[in-house]
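Trainee: Sequence unavailable; structure follows:
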């Protein structure tokens, strides 16, 4: 059996781990499924958090996404910040424009995180604009507070826009990883450069007494 194109070895894939965080009912699972399969499923029977893997092309390079679908039990159940920081490379924070509480939930989640993990803020259910409780301007202001990108999408109707949200976060993660790697290399170079200088023969060496 032949395959089109040449696939890279799995070990050479860039990998990103994304945690999707939001209050119950905002459409986290629907967004993930829309991104991975391009299909829309409206109802989910949640038993607990789940993970999914998906390979996509980002800037003509293959990237393996590992996506954690967090599953809070109720509106007052918040994820463990230290656990997410240890596992995730970036956070997709999701609220529903039809649910004011879900917007406040995201504020609380972000306040618990003291790390510099890349973040993207996503407002879902923009197709239900007649039930809107959170304005676009409020989302933009919150994203400015978080210093992150912001998008309003509909998991029910949008395919490209949903993919773009995940792609944007992936690009931020890869950029952050490159900067971190470069910083480590620079520190190593400074440490090595500050050690003993290599020996070089001087003019006076020839005048040393011989045995």
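Mentor: Here it is on my side, so go on. Nothing here was measured: the structure is a model prediction, and the numbers come from that model.
Trainee: Which residue ranges of this protein form helices?
Mentor: Along the chain, the segments classed as helices by DSSP state H run 28-37, 81-87, 100-111, 136-146, 160-193.
Trainee: quick one: buried residues of the helix or strand bottoming out on mean pLDDT in the chain?
Mentor: Taking mean pLDDT, DSSP states H and E as the measure, helix 160-193 is the helix or strand of the chain with the lowest mean score, a mean of 88. The neighbour-count check on helix 160-193 (16 or more other C-beta atoms under 10 Å) flags 161-174, 177 as buried. For glycine as for every other residue, the C-beta is placed from the backbone atoms N, C-alpha and C.
Trainee: packing partners for it?
Mentor: Other helices and strands packing on helix 160-193, by 3 or more C-beta pairs under 8 Å, 6 or more residues apart in numbering; DSSP states H and E, are strand 14-21, helix 28-37, strand 50-58, strand 61-69, strand 90-96, strand 119-124, strand 149-152.
Trainee: Just want the most central residue of this structure.
Mentor: residue 90 (2.7 Å; C-alpha atoms, centre = their mean).
Trainee: Who is that one paired with across the strands?
Mentor: Residue 90 has these beta-bridge partners by DSSP bridges: residue 18.
Trainee: In contact with residue 152, which residues?
Mentor: Residues in contact with residue 152 (C-beta atoms under 8 Å, 6 or more residues apart in numbering) are 97, 122-123, 126, 136, 139.
Trainee: The closest residue to residue 31 other than its chain neighbours: neighbouring residues, count only.
Mentor: Spatial nearest neighbour of residue 31, chain neighbours left out: residue 155 (4.8 Å); criterion: C-beta to C-beta, 6 or more residues apart in numbering. By other C-beta atoms under 10 Å, 27 other residues sit near residue 155.
Trainee: wait, doesn't residue 155 sit right on residue 22?
Mentor: No: assessed by C-beta atoms under 8 Å, residue 155 is found out of contact with residue 22, at 11.7 Å.
Trainee: With that, I have no additional questions.
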